[in-house]
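A.B. asks: my questions concern the predicted model and sequence given below.
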Amino acid sequence: EPEVTQTPSHQVTQMGQEVILRCVPISNHLYFYWYRQILGQKVEFLVSFYNNEISEKSEIFDDQFSVERPDGSNFTLKIRSTKLEDSAMYFCASRGTSGRTDTQYFGPGTRLTVL
Amino acid sequence: AQSVTQLDSQVPVFEEAPVELRCNYSSSVSVYLFWYVQYPNQGLQLLLKYLSGSTLVKGINGFEAEFNKSQTSFHLRKPSVHISDTAEYFCAVSDWGAQKLVFGQGTRLTINP
């Protein structure tokens, strides 16, 4: 069964460094998402992406964040200058094309630790 | 804007006992409702979803949920749980126009032998 994959599973970085989190969505999906979950808190929407542009973003998704689909298979989330409060589990999700009722399929997540 | 409240952060139950995980939502528009499960060290997996039609929805692993519009609830139930049901369960909502999911805080289900 097709699945969403994410790399790395765990990333440790120093405050102020740039990180890139990678996701490979399900191959025939066209809608892509990033969510994050700070330890002990709820899963929060960050951004949705369709047709090579952002379709919606949350207040969390400020100028330090960016997303890209560089090669037609990967979907990346970049944090330019990480802060301690960026430490969280980051989930990628993708969705098919049959209208808005399609299910979002989630990857296993990348745990980001900012020191 | 939507919001989701999962009233119980932890629910311990004995194996083979029934369980109900509660979820209430708030929205000014019509919504789609979802339950996701997260097993240890894994991603979020869809258990079931309510889009329209019958208010009783059946999902995987013997779970079901009932949409109650008047009470704005979408409680998850299983008549007899198994050790393998130990996981975190998340209720989520999206409105008909939006793509994003709004999640509740999660409920950790612990099954005792």
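C.D. replies: Ah, there it is.
A.B. asks: next, the contact list for the most centrally placed residue in chain A, please.
C.D. replies: In chain A, the residue lying closest to the centroid (Cα atoms, centre = their mean) is residue A:34, at 3.1 Å. In this structure, residue A:34 makes contact with A:21, A:23, A:46-47, A:67, A:77, A:90-93, judged by Cβ atoms under 8 Å, 6 or more residues apart in numbering or on different chains. (Glycine included, C-beta is placed from N, CA and C.)
A.B. asks: out of these, flag the one nearest to chain B.
C.D. replies: residue A:91 (6.5 Å; Cβ to the nearest Cβ).
A.B. asks: low-confidence stretches in the chain?
C.D. replies: No chain in the question, so chain A it is. A:97-102 (pLDDT under 70).
A.B. asks: meant chain B, my bad for not saying
C.D. replies: Checking chain B against pLDDT under 70 turns up B:96-98.
A.B. asks: which bits of it sit near chain A?
C.D. replies: Counting by Cβ under 8 Å from any Cβ of the partner chain, chain B comes close to chain A at B:32, B:34, B:36, B:41-46, B:49, B:51, B:90, B:92, B:94, B:96-106.
A.B. asks: give the buried subset of those residues as a ChimeraX selection command.
C.D. replies: The ChimeraX selection below is limited to those of those classed as buried (16 or more other Cβ atoms under 10 Å in any protein chain shown):
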select /B:32,34,36,43,44,45,46,49,90,92,94,98,99,100,101,102,103,104,105,106
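A.B. asks: quick check, residue B:4 in contact with residue B:92.
C.D. replies: Yes. Using Cβ atoms under 8 Å, residue B:4 is in contact with residue B:92, at 6.4 Å.
A.B. asks: what do the two both touch?
C.D. replies: Both residue B:4 and residue B:92 are contacted by B:102-104, under the criterion Cβ under 8 Å, 6+ apart.
A.B. asks: in strands only, show me the contacts of residue A:34.
C.D. replies: Among the contacts of residue A:34, the ones falling in strands (DSSP state E) are A:21, A:23, A:46-47, A:67, A:77, A:90-93.
A.B. asks: these also near chain B: which ones?
C.D. replies: Under the cut-off given by Cβ under 8 Å from any Cβ, chain B has A:91, A:93 from those close to it.
A.B. asks: pick the one among the ones in strands among the contacts of residue A:34 closest to residue B:68.
C.D. replies: The shortest approach to residue B:68 among those belongs to residue A:93, at 27.1 Å (Cβ to Cβ).
A.B. asks: wait, doesn't that closest one sit right on residue A:33?
C.D. replies: Yes. With contact defined as Cβ under 8 Å, residue A:93 reaches residue A:33; the gap is 4.2 Å.
A.B. asks: re the thing from before, looking at the shared contacts of residue B:4 and residue B:92, which is nearest residue A:9?
C.D. replies: residue B:103 (21.3 Å).
A.B. asks: now the strands for the chain?
C.D. replies: I'll assume chain A. So, for chain A - with DSSP E - the strands run A:5-7, A:10-13, A:19-24, A:31-37, A:43-50, A:53-57, A:65-68, A:75-79, A:88-95, A:104-106, A:110-114.
A.B. asks: hmm, no, I was thinking of chain B.
C.D. replies: Secondary structure of chain B (DSSP E): strands at B:3-5, B:10-14, B:19-21, B:24-26, B:31-38, B:44-50, B:56-58, B:64-68, B:73-78, B:87-95, B:102-103, B:107-112.
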